[in-house]
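S.K.: mind folding the following:
(2 chains)
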Amino acid sequence: MPRKFILSLTIFLVLILTVALVVGCAPKEKVDKGEESVSEEPVKGGTFNAFLMEPVTLDAAHSQESEGIQVAKQIYDGLVDYEPETMELTAAMAESWEPNEDASAWTFTLKKGVKFHNGRECKAEDFVYSWSRVASKDTASEVAYHLSPIKGFNDCQEGKADILEGVKAIDDYTLEVSLEYSYAEFPVTVGHPVFSPVPKEEIEKWGDEFSEHPVGTGPFAFVEWKHDQHITIERFNNYYDGEAYLDKVAFKIFADEETAFLEFEAGNLDDCQIPLGRIKETQDKYGERALINPMLGIYYYGLNMEAEPWKDNVELRKAINYAIHRAIITDTVWEGSRVAATGIVPAGIPGFKEDAMPYMFDQPKARELLEEAGYPGGKGLPELVLGYNTGAGHDKVAQAIQAQAEEVDIEFDIAGYEWGTYLDKIQSKEITFFRLGWLADYPTMDNFLYPMFHSENAGADNMTYYKNSDVDEKLIEARKETDEAKRRELYQEIEQIVLEDATIVPIAFYKTNRVIGENVCAYTRTAMDDTSYEFVWLSK
Amino acid sequence: MSRYIARRLLQAIPVILGVTLIIFLLMFILPGDPARMLVQKGASPEVLESIREAHGLDKPWYVQYGKYMWNLLQGDFGTSIRYRRPVLDIMKDHYPNSIRLAAVALAIEAVIGIIAGVISAVKRRSFLDILVTLSTTILVAMPIFWFAMLLQVVFGLKWGILPISGMGDGSWRYYVLPAIALASVHTAYTARITRSSMLEVINQDYIRTARAKGLSEKKVILKHALRNALIPVITIIGLDLGGLIGSAILTETVFSWPGVGRVIYLAILQRDPPVVMGGTLILVFIFILLNLLVDISYAYLDPRIKFEGRKVD
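M.R.: Numbering: from 1, shown residues only, chains lettered A, B, ... in the order given. Have a look, this model is predicted:
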């Protein structure tokens, strides 16, 4: 026994040392510039192994986090969808839609023959049921607010009604929606998964466990969810919009992006998130297979408008904006996986205005404004703390911002907090200078400006407590405006006012960071950071 | 023996009650609003209030605690605020995975740790002793996540002989790397403790007597020395199983192992008290049972230890 043991132990130790040497001296991998050979015609079949982190739910009524939405978008379909490349509104289950004169009511004509995965046809009444279920007090949906423009929403939320008064099935294929106010972009909002129809009989069968057995009308039907292991979906052969190419999509669930990336490199995943810090290396290695595309999201620092020293001191707020060299941060800290913000509304949103932000990096101007703010050379500036939530490299961004601001004599400490504590501190105004991000729910300018800057959302999505009656009025006016060009002009004007008030310091617009396998074809990572696997196929 | 076990189990009741109260209070005073953590957007005061109401979070802590304990007595561990699933279902999904992985890690720890410790003690100051001491020092000093990633890169990515992560079809191959990573530090400690315990026993008079009787060295070491030296080692190893289940967060994260450690950790971050309570309670219960098993095992290792009352002559 001792001899065998000695031998085993020696082998073990030698192995560890060898491994350390092998890893340390490993030659660089061959560069793949993405010249993979692909078949010309789409090929049907195969299982796509996709990267995912554990979702919270697969019930459309509670779809709010990106992981759940990624799977939900394959299982459920809604009235409309967004074109993957351009984010333009396209028809899905609705054939057409028409507003009334002032866009306070919308009539959707449904396609015939759309089937749920259980085989039953989906009709207008299913939308009435599904939307009422989301709005219901009993469902306690975290995303019910998306339905708030619909008449009768408050009654449902308060438990006074079971059915949304504003949603009516005129006949099997005509759905009429009455709103509390004119809302010209309402059809865009119904592309969110929360508006997807679910079959009443399945909800009644599974109750709270519907999330474990989701049924929709999407291109893939649910097969299995083994928590923290995988979610499997398979092609729905009765899909109304043409069958998907893939037989199955197996979402492999990971707890760590680095581990997932190793699996990708070993050829066990067909798509994967690129871990922070490995973007450039991945781009060099995989070329065009690394999908670093613009995304509809903004990374910003908020300044609390009800707290000193930001309150009533627009010069100070502007000074910080001028002090930041955004491109340096996006290029160095983020390795180009973010793009320097040029406003609040990111590129890709219809109506996006290039260079909306009046603040470019200008240190003399920042110093001048600091003096105008009453703090010449930073003298008299109270002790400031820039807060961020720990993880995801926010500390490195905060350090860069701190260093840049110091160059114009704006000095502050930085402090990282765990997310729950962080939110508490922002809401209690203990932190008045803080990092946050905003990702689009649907591709509209309104989705950036209304939640973040309308005074009715102060303390909720409007974390800076920004209150400007002019902006409030214009936001309502823009929602009502049915002329698309005029509406966009109005939103651009609003964006300009908010930027002039400098309530936030826009830092960067997000980008997708995915990489795909060499035999993956027709794969698009949309600006909302999701993929419709119905279009994807595998060559070879 | 049965009376002893019954008494120990009864003693566990106040321990469990104490743990539930402490965890509940800790979760309650922790900064961070569970309702706010649940809603990513649109968190207006009205929405937050209705969520608090729906989950009973609007009640004072003692009412919430009382309700929780009342439900617990009826076997209801509550429902996760975040996942909207019964806590017991979540635990059923994850605990078996953690226990299986911990059991394999424990086997590695016990076998390699004890053998290395015994050899190191018996061959004191030899090359082998130095080798064991050095390797245990390296294992203790190496961060687990780094060691785990090293194993993944070499055996999974470079050589492709073992799976990189996950449980796959549940075959033994998926257990190898995470179990080695999880057992690494514990194995080193076990080897060190076995070594020092053996050294202490080897110098005792009865070992000299055993040798004087002409017993073979193998018999002296295995039957007389090791059996006595194992008592502290068994204590450590026995309690390690609980530790390996509850503290495997890093291993579970790096290997994407669907264990309970990560579930409890995330539940703390996400302010999901029912999951934290349920997960911790089961872990406490496992610890109590293991403690009991360890105590019982003493009687077999050391005949002088009795659990029943002494007979009066």
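
S.K.: for the residue of the stretch 201-350 of chain A found nearest chain B, give me phi and psi.
M.R.: Taking C-beta to the nearest C-beta, chain B has its nearest neighbour within the stretch 201-350 of chain A at residue A:228, 3.5 Å off. Just so you know, the C-beta spots here come from the backbone N, C-alpha and C atoms, and that holds for glycine as well. Residue A:228 adopts backbone torsions of phi 60, psi 10, taken as degrees, to the nearest 10.

S.K.: now the strands for the stretch 201-313 of chain B?
M.R.: Using DSSP state E, counting those that start in this stretch, no strands are assigned anywhere in the stretch 201-313 of chain B.

S.K.: how about the residues of the stretch 401-540 of chain A near chain B?
M.R.: A:418-421, A:423-425, A:427, A:441, A:451, A:457, A:459-461 (C-beta under 8 Å from any C-beta of the partner chain).

S.K.: can those residues go into JSON lines with extra columns for secondary structure and pLDDT?
M.R.: Formatted as JSON lines, those follow (DSSP: H, G, I helix; E, B strand; the rest coil; pLDDT from 0 to 100):
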{"residue": "A:418", "secondary structure": "coil", "pLDDT": "88"}
{"residue": "A:419", "secondary structure": "helix", "pLDDT": "87"}
{"residue": "A:420", "secondary structure": "helix", "pLDDT": "84"}
{"residue": "A:421", "secondary structure": "helix", "pLDDT": "88"}
{"residue": "A:423", "secondary structure": "helix", "pLDDT": "87"}
{"residue": "A:424", "secondary structure": "helix", "pLDDT": "85"}
{"residue": "A:425", "secondary structure": "helix", "pLDDT": "89"}
{"residue": "A:427", "secondary structure": "helix", "pLDDT": "85"}
{"residue": "A:441", "secondary structure": "coil", "pLDDT": "92"}
{"residue": "A:451", "secondary structure": "helix", "pLDDT": "92"}
{"residue": "A:457", "secondary structure": "helix", "pLDDT": "88"}
{"residue": "A:459", "secondary structure": "coil", "pLDDT": "85"}
{"residue": "A:460", "secondary structure": "coil", "pLDDT": "84"}
{"residue": "A:461", "secondary structure": "coil", "pLDDT": "89"}
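
S.K.: pull out the buried members of those.
M.R.: Neighbour-count burial (16 or more other C-beta atoms under 10 Å in any protein chain shown) is assigned, among these, to A:419-421, A:423-425, A:427, A:441, A:451, A:457, A:459-461.

S.K.: outline the domain layout of chain A.
M.R.: A:7-247+A:513-538, A:294-511 (automatic domain parsing).

S.K.: end to end on the shortest one, go ahead and measure it.
M.R.: Using C-alpha to C-alpha, to the nearest Å, the end-to-end distance of domain A:294-511 comes out at 4 Å.

S.K.: now it, how far from the centre of its chain.
M.R.: Distance, stretch centre to chain centre, for domain A:294-511: 18 Å (C-alpha atoms, centre = their mean, to the nearest Å).

S.K.: now stretch A:202-219
M.R.: Relative to its chain's centre, stretch A:202-219 lies at 24 Å (C-alpha atoms, centre = their mean).

S.K.: also stretch A:511-531?
M.R.: With C-alpha atoms, centre = their mean as the basis, stretch A:511-531 stands 15 Å off its chain's centre.

S.K.: which stretches of the chain have low pLDDT?
M.R.: Let's take chain A. A:1-40 (pLDDT under 70).

S.K.: actually chain B
M.R.: Within chain B, the stretches with pLDDT under 70 are B:301, B:303-313.

S.K.: look through it and state the residue closest to chain A.
M.R.: residue B:32 (2.4 Å).

S.K.: residue A:421 is in contact with that residue, correct?
M.R.: Yes. At 5.5 Å, residue B:32 counts as touching residue A:421 under the criterion of C-beta atoms under 8 Å.

S.K.: figure out how far stretch B:233-245 is from the centre of its chain.
M.R.: How far stretch B:233-245 lies from its chain's middle: 6 Å, per C-alpha atoms, centre = their mean.

S.K.: cool, stretch B:89-109 as well?
M.R.: 9 Å.

S.K.: chain B: which of the buried ones among the residues of the stretch 401-540 of chain A next to chain B is nearest?
M.R.: When those are ranked by distance to chain B (C-beta to the nearest C-beta), residue A:420 comes first, at 2.4 Å.

S.K.: now that closest one: how far from residue A:396?
M.R.: Distance of residue A:420 to residue A:396, given as C-beta to C-beta, to the nearest Å: 22 Å.

S.K.: torsion angles phi and psi at the spatially most central residue of chain A?
M.R.: Central residue check for chain A by C-alpha atoms, centre = their mean: the C-alpha nearest the mean position is that of residue A:439, 4.1 Å away. The phi and psi values for residue A:439, taken as degrees, to the nearest 10, are phi -110, psi 140.

S.K.: quick check: it touching residue A:527?
M.R.: No. Between residue A:439 and residue A:527 there is no contact, the gap being 10.1 Å when judged by C-beta under 8 Å.

S.K.: okay, and the common contacts of these two?
M.R.: A:295, A:296 (C-beta atoms under 8 Å, 6 or more residues apart in numbering or on different chains).

S.K.: what's the first helix or strand after the longest helix seen in chain B?
M.R.: Taking DSSP state H as the criterion, chain B has its longest helix at helix B:87-122. Next helix or strand after helix B:87-122 toward the C-terminus (DSSP states H and E): helix B:127-141.

S.K.: that following helix to helix B:87-122, inter-axis angle?
M.R.: Orientation note: helix B:127-141 sits at an angle of 150 degrees relative to helix B:87-122 (axes from the mean of the first three to the mean of the last three C-alpha atoms, to 10 degrees).

S.K.: show me what contacts residue 245?
M.R.: If you meant another chain, say so; for now it's chain A. Going by C-beta under 8 Å, 6+ apart, residue A:245 touches A:42, A:43, A:44, A:45, A:534, A:535, A:536, A:537, A:538.

S.K.: meant chain B actually
M.R.: By C-beta under 8 Å, 6+ apart, residue B:245 lies in contact with B:95, B:98, B:99, B:102, B:259, B:260, B:261, B:283, B:286.

S.K.: find the nearest non-adjacent residue to the residue of the stretch 201-350 of chain A closest to chain B, please.
M.R.: residue B:258 (3.5 Å; C-beta to C-beta, 6 or more residues apart in numbering or on different chains).

S.K.: wait, isn't that neighbour in contact with residue B:94?
M.R.: Yes. Counting by C-beta under 8 Å, residue B:94 is a contact partner of residue B:258 at 5.9 Å.

S.K.: joint contacts of these two?
M.R.: A:227, A:228.

S.K.: mind checking how far the helix or strand harbouring residue B:149 is from the chain centre?
M.R.: Here residue B:149 sits within helix B:144-151, counting by DSSP H and E. Centroid separation for helix B:144-151 versus its chain: 19 Å, with C-alpha atoms, centre = their mean.
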